[in-house]
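Student: got a sequence here, can you build the structure:
(one chain, ligands or ions: 1)
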Amino acid sequence: MTPQIQQIADTFVNMYLIIEPEGLSLVDAGTPGGPKAVARALARRGRRLSEIRNILITHADPDHIGGLAELQAASGAAVYADAIEAAAMARGEASREPKISPALAPLFGLMQLMMPITPFANAQIIRPGDELPILGGLQVLATPGHTPGHRSFYAPQYGLLIAGDSLMAMGGRLRFVDGPFTWDYAAGCESVRQQAALAPRMICCGHGPVIRDTPIPLPALS
Ligand SMILES: [Zn+2]
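Tutor: Residues are numbered from 1 along each chain as shown. Presented below is the predicted three-dimensional model:
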């Protein structure tokens, strides 16, 4: 990865650390084990959690905000999230009802046990079109689909797209996944088309490896 962006793996989910002379920013907060993973990654660079200035949230799922309250308390960082996702975070809930079949219900119950959500009520609201003072102007993109208020972050200077779960990269293959946790598949496909039009050179997803120099495949609406 470039010196400014580091993927931090927290079991099955990724966070992204952005290192700039002005300070450290983190995208997403991982599972409840996330703070440990971030602290380890920072320690290898001789840095500390307290140096994190900004925490950007792509969406309010428990694998992306499970470590948020702890990371914010350790750092005093400003937290940025979309209004719908921030409201869900404040309630300690996900931002949409999963479509859970009876067969999946036990698995879902286990996930909730493993990843309890600590409510977090102090996010600053970001809107599509906002530009954050990170990486020379980090653009907030509306990328609904996985969740209603899902946001991605795009740094044009670096051709860098931080896509959260608007794109998955498991197995090194970019795609938008439909399933019980998809809020609106058609909206997600449209979000993918808009992100593909940016032709990002580097794509950082919530799950899977960083993808470089690969066009985003356009989804076929099924
Ligand atoms: Zn996820």
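Student: who's in contact with the longest strand anywhere in the chain?
Tutor: Longest strand of the chain, by residue count under DSSP state E: strand 13-20. Strand 13-20 is contacted by residues 3-8, 24-31, 34, 37-38, 41-42, 45, 63-64, 134-135, 162, 204-208 when judged by CB atoms under 8 Å, 6 or more residues apart in numbering. For the C-beta atoms, the positions are set from N, CA and C on the backbone; glycine is no exception.
Student: stretch 85-95 now?
Tutor: Outside stretch 85-95, the residues that reach it (CB under 8 Å, 6+ apart) are 57, 59-62, 65, 68, 81, 84, 117-121, 123, 125, 147-151, 183.
Student: with just CA atoms, put stretch 89-96 into PDB.
Tutor: In PDB, the C-alpha atoms belonging to stretch 89-96 read as follows (Å, rounded to 0.1, in the frame of the first residue of the first chain):
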ATOM      1  CA  MET A  89     -25.500   4.000  16.000                       C
ATOM      2  CA  ALA A  90     -27.100   6.200  18.700                       C
ATOM      3  CA  ARG A  91     -29.800   3.500  19.200                       C
ATOM      4  CA  GLY A  92     -27.200   0.700  19.200                       C
ATOM      5  CA  GLU A  93     -28.900  -0.900  16.200                       C
ATOM      6  CA  ALA A  94     -28.100  -1.600  12.600                       C
ATOM      7  CA  SER A  95     -29.600   0.900  10.100                       C
ATOM      8  CA  ARG A  96     -31.900  -1.700   8.400                       C
END
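Student: pLDDT weak spots in this structure?
Tutor: Within the chain, the ranges that satisfy pLDDT under 70 run 1-3, 221-222.
Student: please list the residues of it that sit near the ion.
Tutor: Residues of the chain lying close to the ion by CB under 5 Å from the ion are D63, D165, G206.
Student: could you rerun that using 8 Å?
Tutor: V13, H59, D61, D63, H64, H146, G164, D165, F181, G206, H207 (CB under 8 Å from the ion).
Student: in strands, which of these fall?
Tutor: Using DSSP E, the residues of the chain next to the ion in strands are V13, G164.
Student: with neighbour count added, can I get the residues of the chain next to the ion in TSV?
Tutor: Listed next are these as TSV, based on neighbours: other CB atoms under 10 Å:
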residue	neighbour count
V13	25
H59	31
D61	27
D63	24
H64	30
H146	30
G164	29
D165	26
F181	18
G206	26
H207	16
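Student: ok, the residues of the chain next to the ion vs L107, which is closest?
Tutor: Closest approach to L107 among the residues of the chain next to the ion (CB to CB): F181, at 11.4 Å.
Student: in contact with the closest one, which residues?
Tutor: F181 neighbours (CB under 8 Å, 6+ apart): D61, P98, H146.
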